[in-house]
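Trainee: structure for the following, please:
(chains A, B and C)
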Amino acid sequence: MEKSNLDLSPGLLDRIKNGFSHVLKLREKPLGLAGLIIIVFWILITILAPYITPYGATQFSQEKFAPPSPQHPFGTDRWGRDLFTRIIAGSRTAFALALSATFLGLVGGTALGLSAAYFGGWTEEILGRLMDILMSFPALLIAMFVLGVLGPGTINVIIVIGIAHIPRIGRVARSATLQVKNQEFVEAARVRGESDLYIMGAEILPNILDTLGVEGAIRFAYSIFLSASLGFLGLGVQPPTPDWGLMISESRSYLQIAPWLAIFPALAIASMVLGANFLAEGLEEVTGGKQ
Amino acid sequence: MISFTASRFLQALTSILVASILIFLIAEALPGDVAQMILGQYATEESLTALRSKLGLNKPLHIRYFDWLSGVIRGDLGTSLSKTGVEVGPLLVRRARNSLVLAAGAMIFIVPISFLLGIAAGLRPGSWLDRTISVTTLGLISFPSFITGLALILIFSVQLGWLPASSSLELSRGIFQQLPRLIMPILALSGVMLGYITRHIRASMVKVLRSDYTRAATLKGLGRRKVLTKHVLRNALLPAITVIAINLGWLLGGAVVVEATFGYPGVARLVLDAIKHRDIPVMEAGLLFVVVAYITVNFGTDILYTLLDPRIRYSRGEE
Amino acid sequence: MTEPLLKIEDLEVIYSTDRAEVNAINGVSLEVNSGEVRGLVGESGCGKSTLAFAIMRYLDKNGKITGGRILFKGEDLRKKTEAEMEDIWGRHLGMIYQDPTASLNPSLPVGDQIAEVATAHGLASRDEAIQKAIDLLDRVHIRDPEDIVDRYPHELSGGMRQRVGIAAGLIGEPELLVMDEPTTNLDVTTEARILDIVEELTEELNSAFLYITHDLGVIARIGDAVEVMYAGQVVERGSIEELFEEQYHPYTKLLLRSIPDPEGSKGSLQEVPGSMVDLTDLPRGCNFSTRCPYRGEECFKSEPSLDDKSESHSARCFIAPIEGKVETVSESKDTGKEPIGDEPPELKREDSILAVKDLKKYFGGGSGWFPWADSDPVRAVDGVNLDLERSKTLGVVGESGCGKTTLARTIIGLSRATEGEIDFAGKDITAPISRRSPKTLKRIQIVFQDPRSTLNPKRTVGQAIARPLALHGDFARSEIPKKTARLLRSVGLDPSLADRFPDQLSGGQKQRVATARAFATNPALVLHDEPTSSLDVSVQATILNLLLELQEGSGTSYLFISHDLSVVRHISDYIAVMYLGHLVEYGRTGEIFSPPYHPYTEALLSAIPVPDPGLSRKRIRLKGSVPSAVDPPSGCVFHTRCPRKIGEVCESESPPARGEGEHKIHCHITRDELSEVEPVLG
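Mentor: Numbers count the residues shown, from 1 in each chain, chains lettered A, B, ... in the order given. Below is the predicted model:
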């Protein structure tokens, strides 16, 4: 049936408009709005990083353990590096990592969850069991384990976190698909002879995008959370890359003499995760997932 | 009911089996030669070959898997590679006991508080109390436990000096004498979970309060208290059992960050160290423990839930 | 004259939403006296349920009573505190709900849920209350009430749950019982039994009943007087006899004529033009002026009041009484509809378009994961034979669980047939969709039941119709917009609607779009799976008229699935009656509606609520509920409930098809004996 080529285009513009209108509706939800502001703030920081950082991220100096001061707003670490600069540089690491991992998880999880729910039967049984088993490992443990195999490093962290997301996103995609798949418009598409790919891509997917968007925001928050934890355990991004979790890990020996080394990265992590979680909550409210 | 329990049991067993294969395969995929690691980099080729055959490393993969599995079933988990001569079994039991103490402590703390907060928030959705609890719980799930942990250390150890920063337990002493060492790890571990469970209960309360049967009960003139105790709470809190079970499983293995922050000797840190030292027998045993714990708890919960919920009891009894 | 039990004066209720304020109740005054059954009738959005919950003083959070008084036993309920209401609820003012399943607590035995009303109000101790519950269950004709009190709601059938609801409403012996569509979710034979019970109760008790329904047929049967509501107002009020005899308000008049008559035949139904007025933006004059075919100048200027037209009959209308007969108004006729389809269909009337031979569809069953998990299949369709001529309509009728929807899904290929054969225009098409040729696919289409889910919410009307055109049409893509517009016109919609999303359309409009989508591929056979059952009767009339018109223009054959015998009678040339996966009777429409009947058909016919209070009919009621399709009764599947069971043969042998021409009755009773009964209708 060569005519059933995937034509996603007609609704695409509307969908973008629709997504945009969700963001506009956030204005009425204080929590979501706060989340949006925090995330936009961090996006701006990330983009503007080269222009607002006074020093190099790995630039050493003699001023070791300098407390916060006008020259070094967040103080310096044991190598005399400027913490303000390193936190801003760290936001790039965090964003790149969390975005890529979330994307990976969304693509993988949606593909698995959607097809499991759509095809049902044995496909669903096997995929479902596999995801259940994967879920029975705490995400952090899988991450540790796989990083043990692959070795630490930014790319590996992305892959690991992305994989850890897959069963969870898969579950969400699956239950969202189950709600749509037996609706009459999907059956109407089957009755007129659409291909499975068309039905999944053009009939079902647009209707679970809202749910996936909310889940994406939650997973983004969790990515930051996880990568910070991995950095803290020494399994994530390796020095000298500026990474918030790593910074906190390194600060532990100096908690008594230089608590700012722990406090500022902790605030950075917490604010970004909180922002994403607030945003997810707001999105859930405006897309009607929650009252 | 019996047939349901039996099939559910077989399912759990299958899951454990599949998980054990995954664990074994990933451990196998770890880079590095075990024999080389034990004997050091100056070992001769003969001694390496000898050790490999002694460890059974030259046997085919599936044979080694079954050797390992049969060992596990017999209770023989092998010896540690990094801590020479240490039996993995007793080591795991000690660490598991510590993890259990931590998990139980966290649960005792989490369950009543999250129930109270969740019910209070769910009773009046949209009220200031609900909003406060919602924001607080979102905050709780946004702080990784090492941040909470470090904050606690900064306040209670560094500033106030009330509690010890390290929580390495001494085995000779009883749990209660070491309670001060447990307080901070328990608090740090509880944060995220407290947030999750509270939010879940709130959502469940809101749903049940909006149900037609709650409306019907109200319009029977039972009075608000009776409507709540007899109709709302039971239906709203029952699903929380599942959520708690999932989190209990998580607590046993997912506490790695907390254990690392406080130097607490639990299973998760055992696995973390084993991964760092390529100590494969310890790693495999630790992971298998976590998975078995998780699956067992969930199996138990399923059975419990079935006994408590007449709807499920009925439909499953029919099978 | 004594004070009425309930007296509502100028009640107003407003719902605040994000966008606007919805004027749900706009000045309702009414009275309910002890010992009477007052009906409250109207279509969706008329405010009848809001009124019920306003009386109970239990509106949704965003709803507010903004004016008027609710005098119950002389006291204004609006002035009562929540604590005072708690003493009234259940004890003096009871309620029975539309959805018996959702209204019962799933984790509490039903006995407790009935008894707790009595104990909470201090009427009885717990043991006495349970005994009372048992007595009441007995009174609503539940067998083994001692056993039932310990059961949980999910263990009971829908009809039993509603009886439990009624028992819970009665146990406090309230002076007023508000019944909010208590039979709407039930099958027609179950509904008939519940209505019998309500009738008995209203005769025995001195309580007052406010009976809310959308179904004029139901109220004609059990009401003493009726209030007709439209747009938050009572537009007409009268005793049952008078109101059904003559209607003063144009809305009532049109509404009553839009109901398919179970005694009538194929032909255009009266339509109520336009759609429900926007409650956020009411017109200045009469609320019905936007749709009224008789409106005059004054109707737009000021609002009519509810005036007495005779002693016990009043209407809110300037024009009333309308003189003479209502002229048939078919809204769609003026929009210049175009005939559907491109080429004249190849008409050979006598040819068979669809032949179903011994079709079986079983679900599940077989071996499970473990030996003890093996189960028997659900026999949804169990050996059905059908034959449909070109350009004709075959109606398939039966209650929920009879297999009619599965039959349609198997014919169209959404389900794989377990056994049997499906021939389409002489060709075997038994395979599921994935193995049917594109040519077959485009020639058979389906229109589904639920307007809310029939269209993809993320696609415009235009996209929904253009897609099948692009997939199956053999013409240039540039022609698609033109053809889309033409299809929209032919289902009576303005082509400008093509840019709308489904949530911007009314339920009736969505069903029209779904119809246009089905007709886009120029099908020879269209299956209709309860296409009007989620719609108001006035909208149903417009859809049924449209379907008849389309068939006339295109010669398309229909397989029309419905639970509603009146609708099926109205649209079908042939009717098949199904019960528990089996065909029990098949014949021309006229043959189904007059003796000889299959005993099940006879029971169905006697259960239809007919909007004619003068009509007295035989009462044939079925015992128990439909048996499980996993383990259907042996012999004749209907024998467990059959009022005319003749003996052992019914349990042991499957009944022969007793035919005369095309008319076939599957029954052990001889045709002559079956012919001896009185006709149920007329």
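
Trainee: hey, let's count contacts and neighbours off CA atoms from now on
Mentor: Fine.

Trainee: remind me which residues of chain C are low pLDDT?
Mentor: C:1, C:264-267, C:322-350, C:365-374, C:682 (pLDDT under 70).

Trainee: near chain B, which residues of it are found?
Mentor: Contact residues (C-alpha under 8 Å from any C-alpha of the partner chain) of chain C with chain B: C:56, C:83, C:85-91, C:94-95, C:102-107, C:116-117, C:120-121, C:152, C:154-155, C:169, C:370, C:372-373, C:375.

Trainee: for chain A, same thing?
Mentor: A:129, A:133, A:136-141, A:144-146, A:148-150, A:221, A:225, A:228-229, A:232-233, A:255-256, A:259, A:262, A:266, A:269-270, A:273-274, A:277-278.

Trainee: which residue is nearest the middle of chain C?
Mentor: In chain C, the centroid-proximal residue (C-alpha atoms, centre = their mean) is residue C:533; its distance is 5.1 Å.

Trainee: distance check, it against chain A.
Mentor: 15 Å (C-alpha to the nearest C-alpha, to the nearest Å).

Trainee: what does residue C:450 give?
Mentor: The gap separating residue C:450 from chain A is 7 Å, by C-alpha to the nearest C-alpha.

Trainee: ok and the residue in the stretch 51-200 of chain A nearest chain B?
Mentor: Using C-alpha to the nearest C-alpha, the closest approach of the stretch 51-200 of chain A to chain B is made by residue A:149 at 4.5 Å.

Trainee: buried ones in the strand or helix carrying residue A:165, by neighbour count?
Mentor: Element membership of residue A:165, judged by DSSP states H and E, is helix A:154-181. By neighbour count on 16 or more other C-alpha atoms under 10 Å in any protein chain shown, the buried set for helix A:154-181 is A:154, A:156-178, A:180-181.

Trainee: looking at the stretch 101-250 of chain C, which residue is nearest chain A?
Mentor: Counting by C-alpha to the nearest C-alpha, the stretch 101-250 of chain C gets nearest to chain A through residue C:102 (19.8 Å).

Trainee: does that residue belong to a helix, a strand or coil?
Mentor: Classification of residue C:102 using DSSP: H, G, I helix; E, B strand; the rest coil returns coil.

Trainee: now residue C:503, nearest residue through space, not along the chain?
Mentor: Nearest residue to residue C:503 in three dimensions, chain neighbours excluded: residue C:457, at 6.8 Å (C-alpha to C-alpha, 6 or more residues apart in numbering or on different chains).

Trainee: number of nearby residues for that neighbour?
Mentor: Using other C-alpha atoms under 10 Å in any protein chain shown, residue C:457 has 18 other residues around it.

Trainee: for the closest residue to residue B:203 other than its chain neighbours, give its distance to chain C.
Mentor: Nearest non-adjacent residue to residue B:203, counting by C-alpha to C-alpha, 6+ apart: residue B:122, 6.7 Å away. Separation of residue B:122 from chain C (C-alpha to the nearest C-alpha): 15 Å.

Trainee: same question, residue B:201
Mentor: From residue B:201 over to chain C (counting by C-alpha to the nearest C-alpha), the distance is 18 Å.

Trainee: where in chain B is pLDDT low?
Mentor: In chain B (pLDDT under 70), the answer is B:1, B:30-41, B:55-56, B:82, B:84, B:165-177, B:249-250, B:252-254, B:310-319.

Trainee: residues from it in reach of chain C?
Mentor: Checking chain B against chain C by C-alpha under 8 Å from any C-alpha, the hits are B:3, B:7, B:211-216, B:218-223, B:231, B:235, B:309-311, B:314, B:319.

Trainee: so who does residue 76 touch?
Mentor: Here I'm looking at chain A. Contact partners of residue A:76, counting by C-alpha atoms under 8 Å, 6 or more residues apart in numbering or on different chains, are A:63-68, A:82-83, A:261.

Trainee: oops, I was thinking of chain C
Mentor: With C-alpha under 8 Å, 6+ apart, residue C:76 has these contacts: C:69-70.

Trainee: redo that, cut-off 10 Å
Mentor: By C-alpha atoms under 10 Å, 6 or more residues apart in numbering or on different chains, residue C:76 lies in contact with C:6-8, C:68-70.

Trainee: quick revisit: which ones among the residues of chain A next to chain B are found in strands?
Mentor: Secondary structure defined by DSSP state E assigns none of the residues of chain A next to chain B to strands.

Trainee: in helices, which of those fall?
Mentor: Residues of these located in helices (DSSP state H): A:129, A:133, A:139-141, A:144-146, A:148-150, A:221, A:225, A:228-229, A:232-233, A:262, A:266, A:269-270, A:273-274, A:277-278.

Trainee: buried among the residues you listed? Make that a ChimeraX selection.
Mentor: Those of these that count as buried under 16+ other C-alpha under 10 Å are selected in ChimeraX with:
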select /A:133,139,140,141,144,145,146,148,149,150,221,225,228,229,232,233,262,266,269,270,273,274,277,278
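
Trainee: returning to that earlier point: for residue B:26, see how far away the residue of the stretch 51-200 of chain A closest to chain B is.
Mentor: According to C-alpha to C-alpha, to the nearest Å, residue A:149 and residue B:26 sit 7 Å apart.

Trainee: and what of residue A:204?
Mentor: Residue A:204 sits 35 Å away from residue B:26, taking C-alpha to C-alpha as the criterion.

Trainee: out of the two, which sits in the busier spot?
Mentor: residue A:204 (24 against 15).

Trainee: list the contacts of that one.
Mentor: A:114, A:118, A:176-181, A:183, A:185-186, A:198, C:456, C:458.

Trainee: returning to what we had before: after the helix or strand hosting the residue nearest to residue B:203 comes which helix or strand?
Mentor: Per DSSP H and E, residue B:122 falls inside helix B:88-123. Going down the chain from helix B:88-123, the next helix or strand is helix B:128-142, by DSSP H and E.

Trainee: mind listing what's buried in that next one?
Mentor: Buried residues in helix B:128-142 (16+ other C-alpha under 10 Å): B:130, B:133-134, B:137-142.

Trainee: please apply the same query to stretch B:299-307.
Mentor: Buried residues in stretch B:299-307 (16+ other C-alpha under 10 Å): B:299-303, B:305-306.

Trainee: doesn't residue C:528 lie inside a helix?
Mentor: No - read with three-state DSSP, residue C:528 is strand and lies in no helix.
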